[in-house]
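Trainee: What follows is a protein structure lacking sequence information:
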């Protein structure tokens, strides 16, 4: 790609886009280019009516009967089966429940239980992993006598030793957008006798995930990012069938019991992934999540040589390539690219740092004021602040990319981001 | 009360009921008398519009910005402050989050952490406690080297010894409807040096709860029963201020961090109850819960000598008295009363067992077919099957009680409950 590419060229790509009709599955506000689907996915057009039905008919009219008549009892497994199609898992291997942090606690606890007495004492992760993952690991390591060792990605090969009990990684890094090779990393971990726990928060629904083919051990992920499940949508959890019935996770609530409605005083875990359920789930939010999952599954039915996650991936790379090319041609002095250029190493986002100064937060705010919604992630001594732009192929076009970069150029050239109102921190950044 | 009481007498009580106008805050299906608000509260009339607003405006239009602009970030604390008014707690002492089972795990873990090294090794609870509480306690006891000791209620005085680390009770028993004296039991536990963990699932919103006045230590409770928060609504957690900043609960997710949006790699718990938050919460379900809480808070504004939970309690006792009197006068041979007759020992439900045979399940099904919705809870070797009827003063009248008993009499006299369709078990009972 060169600077000679014009808006018309981008429009031509949109005209050939096999996913273009899926934009109609979403409601997006006028005047907004939404580059934050990696933080909260957009509203599926089907969600308002479905949620209204759950509230008025299932709750209001059906009342308690809806646990049976509206199959609320099956929702975590039914949605889990839909998630399975998107992450390389099989039916019956996934449940949708609880939050990502809570599910990580369950699987990491199960993995550590398996490793107790093995003489291995390290849980290995990246310093740049999403903080909640590190906090949960910190808690479990302290409780179970393991040491959480945090490294930079490049240290991974040398840090994977026979002392490692569990390798806990986020498949696509939330800051950099860098993607691990799940198959190769899992094989390397297994070669030294370690188990793998994968956080798919920034990959499920964004890139093809191959849990079974990669021979992974445990995975959890997010319902409200690329799955478009709504704010705080329940999370999902997958455990390889070779482990699923082997260990008890500690959050042994009644929904994970083999027979919850026998109301027996002693816990007997359900076989398989159902034992990773705990308490009663938020049915309204869970129902909205199903609408989000259906937007991704709609990509399985499109016309074209590639379908489903393969088609989503192809367009995602096209959009991020386009964004990188335009940023580098139109504002080469302003930003440094953080996200890997190689396709095989890139998720569905592009992260930038400022070449000079600390304007990242304010530029993001100025862009939001112009309707270009990305986000900002604070750095620290090891990591600079970043501007983060997520690309959701289901509802973004190449023309959106062009227009977003046009706004970025205008924010930089106008200097408007220096205004005080763009430099006041919000509670949530 | 005698058998000479007529429907007109009941109607007279309804005419004087200071809470009668609150029925208009709910949408209930025609032809239904809903005696299962102890399992899933009815739909607040405000909920459909509020939920639609959260979905279409806050999610759809506001997108990620709504974490700030719609104050999603504050919801767990804002709703917690509303819950606090209903359970004898102060603002800033409660958060709404996660499920009851997950919150029990947090507080019981915190309580056991405090007791480690104390030489005490027993977690004491009732055999008839709600099973998920026992399952969670079983898991934590195994992990932390404590013994879960299950007793019958009458054994409590003798079982409270200096070996007890934690007394974990449900304030109102889910099966029998029997209520503990929270103040006296807490004092007895403290007298032997034990901490108390109270499950308020069947008391919060049903009876006055006096956590601070009773000097309790930890409490959790349910959003979807008497709080009318919708199916699987998030739960709440309270920790006495003397403990709240003293211990780390193990589910140390980012929302419990002192500064979640600094994205630092090490966990630093927030001061106070905020550290009992973990992951991102299901905002749509949480918003529906607020509508439910508002129906209870509306009782604070009624005319009359008693308001709020005191008025709700007075009517609750009136309704359950009326139900017991009518059952005992109209079908004396059919049922035995399980729920305590003494007001001070009764929650807001009435549980019955069959005097003969095992028709409890089928009678409940036949009643549901007639629009009288109660539920059934299976027994075991120690406990008979029960028919359970919950009484929610916000939307039930004395006339409803009369009509419900009339239907019970007809189901018994017709023998229709013996039909095969009423004897097939559903997934959820």
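Mentor: Done, it's in. Being a predicted model, the structure only gives us computed values, none of them experimental.
Trainee: And the helices in chain A, which stretches?
Mentor: Assigned by DSSP state H, chain A shows helices spanning A:7-16, A:47-53, A:66-69, A:75-86, A:100-115, A:131-144, A:156-159, A:182-191, A:241-244, A:283-297, A:308-330, A:360-369, A:398-414.
Trainee: can I get the ones you listed in a markdown table with mean neighbour count?
Mentor: For every residue, glycine as well, the C-beta is placed using N, CA and C. What follows is the helices of chain A, written out as a markdown table (neighbours: other C-beta atoms under 10 Å in any protein chain shown):
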| stretch | mean neighbour count |
| --- | --- |
| helix A:7-16 | 13 |
| helix A:47-53 | 19 |
| helix A:66-69 | 19 |
| helix A:75-86 | 22 |
| helix A:100-115 | 25 |
| helix A:131-144 | 22 |
| helix A:156-159 | 13 |
| helix A:182-191 | 17 |
| helix A:241-244 | 15 |
| helix A:283-297 | 26 |
| helix A:308-330 | 20 |
| helix A:360-369 | 22 |
| helix A:398-414 | 19 |
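Trainee: and those as JSON lines, adding mean pLDDT and distance to chain B?
Mentor: Shown next, in JSON lines, are the helices of chain A (pLDDT from 0 to 100; distance: least, C-beta to the nearest C-beta, whole Å):
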{"stretch": "helix A:7-16", "mean pLDDT": "95", "distance to chain B": "22"}
{"stretch": "helix A:47-53", "mean pLDDT": "98", "distance to chain B": "5"}
{"stretch": "helix A:66-69", "mean pLDDT": "97", "distance to chain B": "4"}
{"stretch": "helix A:75-86", "mean pLDDT": "98", "distance to chain B": "9"}
{"stretch": "helix A:100-115", "mean pLDDT": "97", "distance to chain B": "3"}
{"stretch": "helix A:131-144", "mean pLDDT": "97", "distance to chain B": "4"}
{"stretch": "helix A:156-159", "mean pLDDT": "97", "distance to chain B": "16"}
{"stretch": "helix A:182-191", "mean pLDDT": "98", "distance to chain B": "20"}
{"stretch": "helix A:241-244", "mean pLDDT": "96", "distance to chain B": "18"}
{"stretch": "helix A:283-297", "mean pLDDT": "98", "distance to chain B": "3"}
{"stretch": "helix A:308-330", "mean pLDDT": "97", "distance to chain B": "18"}
{"stretch": "helix A:360-369", "mean pLDDT": "97", "distance to chain B": "7"}
{"stretch": "helix A:398-414", "mean pLDDT": "98", "distance to chain B": "14"}
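Trainee: To residue B:350, which of the ones you listed lies closest?
Mentor: Among the helices of chain A, the nearest to residue B:350 by C-beta to C-beta is helix A:66-69 (21.9 Å).
Trainee: Check which helices and strands that closest one is in contact with.
Mentor: Judged by 3 or more C-beta pairs under 8 Å, 6 or more residues apart in numbering or on different chains; DSSP states H and E, helix A:66-69 has no packing partners among the helices and strands.
Trainee: Identify all contacting residues around it.
Mentor: A:58-59, A:62, A:72-73, B:231, B:426-428 (C-beta atoms under 8 Å, 6 or more residues apart in numbering or on different chains).
Trainee: For PyMOL, what selects the buried ones among the residues you listed?
Mentor: Buried residues among the contacts of helix A:66-69 (16 or more other C-beta atoms under 10 Å in any protein chain shown), as a PyMOL selection:
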select buried, (chain A and resi 58+59+62+72+73) or (chain B and resi 231+428)
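Trainee: what's near enough to touch the residue of the stretch 151-300 of chain A found nearest chain B?
Mentor: Scanning the stretch 151-300 of chain A for the residue nearest chain B gives residue A:279, at 2.7 Å (criterion: C-beta to the nearest C-beta). Taking C-beta under 8 Å, 6+ apart, we find residue A:279 in contact with A:98, A:253-255, B:98-102, B:132, B:235.
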